[in-house]
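A.B. asks: how would this look folded up:
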Amino acid sequence: MTARAADRARYDRATAHLDAPVAIVDLEAFDANADDLLRRAGGKPIRVASKSVRCRALLERVLARDGFAGLMSFTLAESLWLARSGFDDVLLAYPSADRQGFAELAADPKLAAAVTVMVDDPAQLRLIDDARRGGTEVVRVCLELDTSLKLLGGRVRVGARRSPLHSPAQMAEMARAVARRPGFRLVGIMAYEGHVAGVGDAVAGRPVRSRAVRLMQAAARGELARRRADVVRAVRAVAPDLEFVNGGGTGSVQHTAAEEAVTEIAAGSGLYVPRLFDNYTSFRGRPAALFAQPVVRRPGVGVVTVLGGGYPASGAPGRDRLPVPYLPEGLAYDPQEGAGEVQTPLLGAPADDLLIGDKVWFRHAKAGELCERFDVLHLVEGDKVTAAVPTYRGEGRTFL
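C.D. replies: A predicted model of the protein is given here:
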């Protein structure tokens, strides 16, 4: 029996009492992935990206481990909810226009001490001030550096369109804008190199593209390391009490951790290891988060139909944004139908061994987005479900 076949047998036994659709997290794999992140971080603390987990119980589990410290959130409403839930170090990774949220933040000493918000434009500071409604708490802010690689005088850009702040001079000027404005304190810098951390460099069947990605990423890492060090020096000249410099992502942990200027690493998806991380040479994780759909039809030889399954991930549309049939091995989508809203036909020899009611296990393309489809994650240890914990959705929280 292969390792994957053994996993399938365990998951089927563990969830035999549960009807599909059902989502699980294999805690042994989850913990092994956490160990791997710590190893690659080389002693620097890891701030956990909450959007990649979206389950308070699992956030608490990983933060209880030495080496993990703080959360990186994705909306202001989520940040405030997490702070009220007892998480005392929450970095909001994206700018917000949530005026009600800023009013709550500026009026509550506990929230103001726990939450740091992201800015990259003086207009964002003005929006926060206009939203205060009399709140006088000092708002902790972090500046985001644009990490994109610019070539040919800026005519070619590699990387996500995020912050407008690209140079040390621009970051220092934004730091001065914060310093000049009462009611704010600059405490951090964040720089997420998504074109390195979030792009696989070993895509199956595409050797030329993979080689090009590796060359691009090597050039991007070198350029960013030099520029990030210059940025930190420039910003510290304005704000010498800077508390942290955050960088990285699951796919670049060891490279970012090697930079002296970086004080902490961001990671989260590497705890679940979705299918997009199958295309990396820098590390190998264990799939920890899966979902199962039930077989409801057998249309013919070599074909079964499961209920639902059309759970695409965000990003540029493409086949790599679809969940992948994982267990049993050897199933594939019908190219004329793909993953369906209500039903999904699957092709392959293993279909002939599946009965009505059997489970087919899938891996989502990305990490936390799976939790937007399920209220509960069933935690599996060995061949037993040992707990059932709510996702954000299960707690009635849908932040985006």
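A.B. asks: do you know the pLDDT at V203?
C.D. replies: pLDDT for V203: 66.
A.B. asks: for the one 3 residues further on, same thing?
C.D. replies: According to the predicted model, the pLDDT of R206 comes to 70.
A.B. asks: quick one, what contacts it?
C.D. replies: If you count contacts by CB atoms under 8 Å, 6 or more residues apart in numbering, R206 has none. For glycine as for every other residue, the C-beta is placed from the backbone atoms N, C-alpha and C.
A.B. asks: got the buried residues for whichever helix or strand E60 is part of?
C.D. replies: Using DSSP states H and E, E60 sits within helix 56-63. For helix 56-63, the buried set under the neighbour-count rule, 16 or more other CB atoms under 10 Å, comprises R56, L58, L59, R61, V62, L63.
A.B. asks: and the very next helix or strand once past it, how far out from the chain's middle?
C.D. replies: Heading C-terminal from helix 56-63, the first helix or strand you meet, by DSSP H and E, is strand 68-73. Here strand 68-73 shows a centroid-to-chain-centroid distance of 12 Å under the convention CA atoms, centre = their mean, to the nearest Å.
A.B. asks: quick one: mean pLDDT for strand 68-73?
C.D. replies: Throughout strand 68-73, pLDDT has a mean value of 98.
A.B. asks: which strands and helices lie in contact with that strand?
C.D. replies: Where contact means 3 or more CB pairs under 8 Å, 6 or more residues apart in numbering; DSSP states H and E, strand 68-73 is packed against strand 46-49, helix 56-63, helix 76-84, strand 90-92, strand 264-267.
A.B. asks: what's the longest strand in this protein?
C.D. replies: In the chain, taking DSSP state E as the definition, the longest strand is strand 289-300.
A.B. asks: okay, the helix holding E60 in CSV with CA atoms only?
C.D. replies: The C-alpha trace of helix 56-63 is given here as CSV (Å, rounded to 0.1, in the frame of the first residue of the first chain):
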residue,chain,number,x,y,z
ARG,A,56,-9.2,30.2,15.7
ALA,A,57,-8.5,26.8,17.3
LEU,A,58,-5.7,26.1,14.8
LEU,A,59,-4.3,29.6,15.2
GLU,A,60,-4.1,29.0,18.9
ARG,A,61,-2.5,25.6,18.4
VAL,A,62,0.4,26.9,16.3
LEU,A,63,0.9,30.0,18.3
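A.B. asks: just the strands in the stretch 1-150 of the chain please.
C.D. replies: With DSSP state E, counting those that start in this stretch, the ranges of strands along the stretch 1-150 of the chain come out as 22-26, 46-49, 68-73, 90-92, 115-119, 139-144, 149-151.
A.B. asks: for the helices and strands packed on strand 68-73, which one sits closest to R298?
C.D. replies: Across the helices and strands packed on strand 68-73, R298 has its closest neighbour in helix 56-63 (35.9 Å, CB to CB).
A.B. asks: just to revisit the earlier point, the helix or strand just after the longest strand of the chain: how far from the chain's middle?
C.D. replies: Helices and strands here follow DSSP H and E; after strand 289-300, the next one along the chain is strand 303-307. Once both centres are worked out by CA atoms, centre = their mean, strand 303-307 turns out to sit 30 Å from its chain's centre.
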